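J.: Build me a structure from this.
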Amino acid sequence: MKIIIAILIFELIIVIHELGHFIVAKLCGVKVNEFAIGMGPAIIKKKKGETLYAWRALPIGGYCAMEGEDSKSDDERSFNKKSVPKRMAIVLAGIVMNLLLGFILLIIYTAITAPITSTTVSKFEKEDATSHVTGLELGDEIVSINGMHIFTDMDMSYQFQNDEDGVFEMEVIRNGEKVKLDNVKFDLNDKKLHIDFYVQPIEANFFTVTSYAFRHTVTDGRLIYITLVDMIRGKYKLSDLSGPVGIVNVIGDVIESETSEESGIDWRGLIEQMLSLASFITINIGLFNLLPLPALDGGRLIFLIIEAIRRKPVPPEKEGMVHLIGMAALLLLMLVVTVSDIIKLF
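T.: Model prediction:
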C-alpha cells in the first residue's frame, strides 16, 4: 500500500510539473510533439492535432517534448525560435505549477485540520513559567525568533527543535507595537526544550485558511533552502538526505501510526498526513528545480539569462553538454541517496 501511495504522489507531482510546461508552451505557440504520463512503452496513445498524448507503462515520471527544445530546429514554432521571455515563462511554468499544487493541498489540509494554530501566546502552563518570567506575556504575537521571521507555528517549531541552550531572542507584537525580547528562556529537561506556553487557535474561514496555507507554503519553501545551506555548512550529512525509497519508508511509518488493531486504518488521519507530506514534496521539488544547476529548470533559466545579456544564444551543443553532465551528476546523487536509504532500512 505504501508503494502505491508513493507512486501516486510522485506521479501527480511530476504530471502537474510537466503540465505547466505544456500549457504555457501551447499559449506561447510552441509546437509540442508529445505529452506523456509515465515512461517506457506506450499503453494508450492518441494523436490530437500535432501532439501525441501517451500513457506509458512505467509510472515513474512523464515529459513534455517540445520541438527544438534540446536541438536545433528550423520550424518557426519550435522552442528555440521563441523570444527569451516566452522561453523563460515555459521553463518556469513547471515550478509555478508545483508551488500552486502545494498551496492547494495545504488549503485542503488546513481546512480539514481546523482550528488553525496561530503564533499568539494564549496561556502559560503556570504563573511562573520560565518563558513568562523572562519576557513573554499573554497576547504576544511572536513574529521573529533568533532573527528568523515567523510566518507560522511550523517556523517556531523549527527554531525550538534546532536549539541547544534554551535561550532565544524574540520580537513580538504587543498591544499593536513591536517589542524586542533579548533573553527569553525555556527549561531544558534531559537536553530537550520544554515549551511552557500555548497558542491561540484561529477559527477557519476562507480568508484564514488561504492566508495560513500561503504562509505555510512560504515556510516549507524557506525550510528547503535553509536545509541546503545547513548541509553546505556541515550541519547535515549526505546520509541525512532521503530519496524515493526513504519517502516510501516514511509513508509506511505514517500508515502504521494511523493503524490500530481495534479499528484498523484511521483514514481521516492518514489523508491529513498524506496531504501534508505531498504538499511538502511538491514544494520541495519545485524549488529544488529552481536551483541554478545544469539539467534543472533553474540551469536552463541561467542559460536564457546569459542569452538575454549577450543578445545571442549559447551554442546548443555546448548547452546540451552542460546539461548532460548535470544530469549524470544528479543521477549519481540519486544513486548514492537511494543506497543510503536502503542501508537505513536494514
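J.: helix/strand/coil for Val30?
T.: Secondary structure, DSSP: H, G, I helix; E, B strand; the rest coil: Val30 is coil.
J.: What of the one 5 residues further on?
T.: Per three-state DSSP, the secondary structure class of Phe35 is strand.
J.: With the one 4 residues further on instead?
T.: In terms of secondary structure, Met39 is strand; the call rests on three-state DSSP.
J.: and it, what does it touch?
T.: Applying Cβ atoms under 8 Å, 6 or more residues apart in numbering, we find Met39 in contact with Arg56, Ala57, Leu58, Ile60, Gly61, Gly62, Tyr63. (C-beta placed from N, C-alpha, C; glycine too.)
J.: Tell me the spacing between it and Ile325.
T.: Plainly put, Met39 is 22 Å away from Ile325 if you go by Cβ to Cβ, to the nearest Å.
J.: just checking, which of the contacts of Met39 belong to helices?
T.: Among the contacts of Met39, no member is found in helices (DSSP state H).
J.: residues in contact with the residue lying closest to His194 once chain neighbours are set aside?
T.: Spatial nearest neighbour of His194, excluding adjacent residues (Cβ to Cβ, 6 or more residues apart in numbering): Asp187 at 4.5 Å. Contact analysis of Asp187 by Cβ under 8 Å, 6+ apart lists Thr130, Gly166, Leu193, His194, Asp196.
J.: which one among those residues gets closest to Leu277?
T.: Leu193 (24.8 Å; Cβ to Cβ).
J.: Would you mind giving me the confidence score for the closest one?
T.: pLDDT for Leu193: 91.
J.: Doesn't it belong to a strand?
T.: Yes. Under three-state DSSP, Leu193 sits within a strand.
J.: How about the contacts made by it?
T.: Leu193 sits in contact with Phe160, Gln161, Asp163, Gly166, Phe186, Asp187, where contact means Cβ under 8 Å, 6+ apart.
J.: Just name the closest of these to Phe207, please.
T.: For those, the residue nearest Phe207 by Cβ to Cβ is Phe160; the value is 27.9 Å.
J.: how about the helices of the stretch 151-300 of the chain, start to end?
T.: Taking DSSP state H, counting those that start in this stretch as the criterion, the stretch 151-300 of the chain carries its helices at 153-161, 206-232, 244-257, 267-289, 297-310.
J.: Run through the residues that contact the residue nearest to Thr259 when sequence neighbours are not counted.
T.: Nearest non-adjacent residue to Thr259, counting by Cβ to Cβ, 6+ apart: Ile265, 5.0 Å away. Ile265 makes contact with Ile255, Glu258, Thr259, according to Cβ under 8 Å, 6+ apart.
J.: mind checking how far the first one is from Gly264?
T.: Spelled out, that is Ile255. Counting by Cβ to Cβ, the gap from Ile255 to Gly264 is 11 Å.
J.: Who has more neighbours out of the two?
T.: Each of Ile255 and Gly264 has its neighbours counted (other Cβ atoms under 10 Å); Ile255 has more, 17 against 9.
J.: Go ahead and confirm that one touches Leu270.
T.: Yes. Applying Cβ atoms under 8 Å, one finds Ile255 in contact with Leu270, separated by 6.5 Å.
J.: Could you list the low-pLDDT ranges of the stretch 51-200 of the chain?
T.: Scanning the stretch 51-200 of the chain for pLDDT under 70 picks out no residues.
J.: which residues sit against stretch 243-258?
T.: So stretch 243-258 is contacted by 1-3, 5-6, 10, 242, 265-267, 269-270, 273-274, 277, 281, 334, 337-338, 340-342, 344-345 (Cβ under 8 Å, 6+ apart).
J.: swap in stretch 270-288?
T.: Residues outside stretch 270-288 that contact it (Cβ under 8 Å, 6+ apart): 5, 9-10, 12-13, 16-17, 94-99, 101-103, 105-106, 108-109, 112-113, 216-217, 220-221, 224-225, 247, 250-251, 254-255, 257-258, 296.
J.: Only alpha carbons, please: show it as CSV.
T.: Backbone C-alpha positions of stretch 270-288 (Å, rounded to 0.1, in the frame of the first residue of the first chain) are rendered in CSV as follows:
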residue,chain,number,x,y,z
LEU,A,270,-3.9,9.1,7.0
ILE,A,271,-5.4,11.6,4.5
GLU,A,272,-4.3,14.5,6.6
GLN,A,273,-0.8,13.2,6.9
MET,A,274,-0.5,12.4,3.2
LEU,A,275,-1.8,15.9,2.2
SER,A,276,0.9,17.4,4.5
LEU,A,277,3.6,15.2,3.1
ALA,A,278,2.6,15.6,-0.6
SER,A,279,2.5,19.4,-0.2
PHE,A,280,6.0,19.4,1.2
ILE,A,281,7.3,17.1,-1.5
THR,A,282,5.8,19.1,-4.4
ILE,A,283,7.1,22.4,-2.9
ASN,A,284,10.5,20.8,-2.4
ILE,A,285,10.6,19.5,-6.0
GLY,A,286,9.5,22.9,-7.4
LEU,A,287,12.1,24.9,-5.5
PHE,A,288,14.9,22.4,-6.0
